[in-house]
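*Asks:* make a model of this:
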Amino acid sequence: MNGDGIDERARGGALARARGMSRRAVIGGLATAALAGGGAAATAVEGTQARRSAVAFGTTVTITLIATPGLDVEAAFAAGFAEIRAVEAAANLFDPQSELARLERDGRLERPSALLRELLAAALRLAALTDGAFDPTVQPIWRAWSAAAAAGRLAGDEALAAAVARSGWHHLRLGDDALSFDRPGMALTLNGIAQGYACDRVVAVLARHGVAAALVDSGEFGARGRPAADRAWTVAIADPRDDGRAIARTALADGRFLATSADSETHWTADFAEHHIVDPATGRSPRELAEVTVAAASGASADGLSTAAMVLGEEKSRQLFRRLGGIDAMFVHKDGRITTTDATVFAAR
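*Replies:* Presented below is the predicted three-dimensional model:
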């Protein structure tokens, strides 16, 4: 924790080629009274701060809430973490019995769970809004890069063309009773939206349990209320080239969510030119941006839009965000230059 009282835990996970997914580039968030020069912990009116962490989505997830009189704190935590576990199970790529695994194996999934249907509906809405820059069907492209890295090389044009031909969000059918692909060899990944969607669900269930103020860190961030009358929940944003250093911070207003995508999470080349975020149309990584942080009114939107912005680049992203409204973003370019849609939202460190 730094001198400002902001929790700057490193993201975890190596950045080396094919080491697997690490946390998003948001370092960590913790609102504290120390932002104003003192106090061991943030307090709200008649409340104290309580915090619980667990491992999910391959990282540490944390719920921080203000425990007010009469609140069943443990029940609230249990409900919040249950939502995280449910989303993690729905988005599990590694369990052969999961819904995603069965859909990939059979090309069709009968009677999908309500949670998976909702999550996929959100993903398809984002795909349509971004004209496919966000695409949940890019898993074959990821596998082409991963297989090439395991063999000590980069993915070639032929392999990528074949993977792109097995992708395409408009080839996923979300019907009343079933999910299906209309193209063979397709597969889904929900990594670009699941953590933000989980954040949405946790904030909602905490509200139902009577929690007036909370900060949820599911790998992306969501805020409810304020930790104190004169304080907002504050999140530090990491440098994509040094995840131990914050380059900005933002105060999350009530009902606001924050997500970051970066080229440093998993990269295939030492110069970060090829990494885990790909243009679904080509299978190769976009070259303009190193990191994008998006603040929005839902975690799923912030999560998916941060990925889409990496693909679209700054100018097209700005056009999209203006059209959607209520979106703020910070763009970190490959050369280290930082631009924002609103400098008052992202304060330089």
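
*Asks:* tell me the centre residue of the protein?
*Replies:* What sits nearest the mean C-alpha location of the chain, by C-alpha atoms, centre = their mean, is Asp303, with 4.1 Å.

*Asks:* now that one: closest residue in space, sequence neighbours ignored.
*Replies:* Gly196 (2.7 Å; C-beta to C-beta, 6 or more residues apart in numbering). Quick note: C-beta positions are derived from backbone N, CA and C, even for glycine.

*Asks:* ok so, going back, the residue nearest to the centre of the chain against Asn191, yeah?
*Replies:* No - taking C-beta atoms under 8 Å as the definition, Asp303 is not a contact partner of Asn191, at 9.4 Å.

*Asks:* can you list phi and psi of Ala150 for me?
*Replies:* Listed backbone geometry of Ala150 is phi -60, psi -30, with angles given as degrees, to the nearest 10.

*Asks:* nope, Ala67 is what I meant
*Replies:* Phi and psi for Ala67, reported as degrees, to the nearest 10, are phi -90, psi 100.

*Asks:* partner residues bridging it?
*Replies:* The partner list for Ala67 in beta bridges (DSSP bridges) reads Thr48.

*Asks:* what residues does it make contact with?
*Replies:* With contacts taken as C-beta atoms under 8 Å, 6 or more residues apart in numbering, Ala67 has the following neighbours: 47-50, 73.

*Asks:* three-state assignment of Ser285?
*Replies:* Taking DSSP: H, G, I helix; E, B strand; the rest coil as the rule, one finds Ser285 in the coil state.

*Asks:* just give the number of residues close to it.
*Replies:* Taking other C-beta atoms under 10 Å as the criterion, the count of residues near Ser285 is 20.

*Asks:* give the contact list for the residue nearest to the centre of the chain.
*Replies:* By C-beta under 8 Å, 6+ apart, Asp303 lies in contact with 192-197, 199, 220, 259.

*Asks:* ok, and the most crowded of the contacts of Ala67?
*Replies:* Gln49 (22 neighbours).

*Asks:* so that residue versus Ala229, what's the distance?
*Replies:* The spacing between Gln49 and Ala229, counted by C-beta to C-beta, to the nearest Å, is 14 Å.

*Asks:* what's the answer for Arg245, then?
*Replies:* Using C-beta to C-beta, one obtains 31 Å as the distance from Arg245 to Ala229.

*Asks:* looking at the two, which is more packed in?
*Replies:* Arg245 (13 against 8).

*Asks:* residues in contact with that one?
*Replies:* Residues in contact with Arg245, defined by C-beta under 8 Å, 6+ apart, are 238-239.

*Asks:* so it is in which element?
*Replies:* For Arg245, the enclosing helix or strand under DSSP states H and E is strand 242-252.

*Asks:* ok, that strand: who's next to it in the sheet?
*Replies:* Under the criterion DSSP bridges, strand 242-252 sits next to strand 233-239 (antiparallel), strand 347-348 (antiparallel) in its sheet.

*Asks:* now, of the ones you listed, which is deepest in the fold?
*Replies:* Burial among these, expressed as mean neighbours by mean count of other C-beta atoms under 10 Å, is greatest for strand 233-239, which shows a mean of 25.

*Asks:* just give me how far that one sits from the chain centre.
*Replies:* 14 Å (C-alpha atoms, centre = their mean, to the nearest Å).

*Asks:* with only the CA atoms kept, save that strand in CSV.
*Replies:* Extracted C-alpha coordinates of strand 233-239, given in CSV (Å, rounded to 0.1, in the frame of the first residue of the first chain):
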residue,chain,number,x,y,z
TRP,A,233,-13.9,4.7,-3.6
THR,A,234,-10.5,5.2,-5.3
VAL,A,235,-8.8,2.9,-7.7
ALA,A,236,-5.2,3.1,-9.0
ILE,A,237,-4.5,2.2,-12.6
ALA,A,238,-1.2,0.5,-13.5
ASP,A,239,1.4,1.3,-16.0
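
*Asks:* confidence score at the residue nearest to the centre of the chain?
*Replies:* At Asp303, the pLDDT value in this model is 98.

*Asks:* please apply the same query to Thr62.
*Replies:* Spelled out, the predicted local distance difference test score at Thr62 is 97.

*Asks:* what about the nearest residue to Leu100 once chain neighbours are set aside, how many neighbours?
*Replies:* Spatially, and ignoring its direct neighbours in sequence, Leu100 is nearest to Leu188 (5.5 Å; C-beta to C-beta, 6+ apart). Close neighbours of Leu188, defined as other C-beta under 10 Å, add up to 25.

*Asks:* also Asp342?
*Replies:* Summarising burial for Asp342: neighbours were counted as other C-beta under 10 Å, giving 11.
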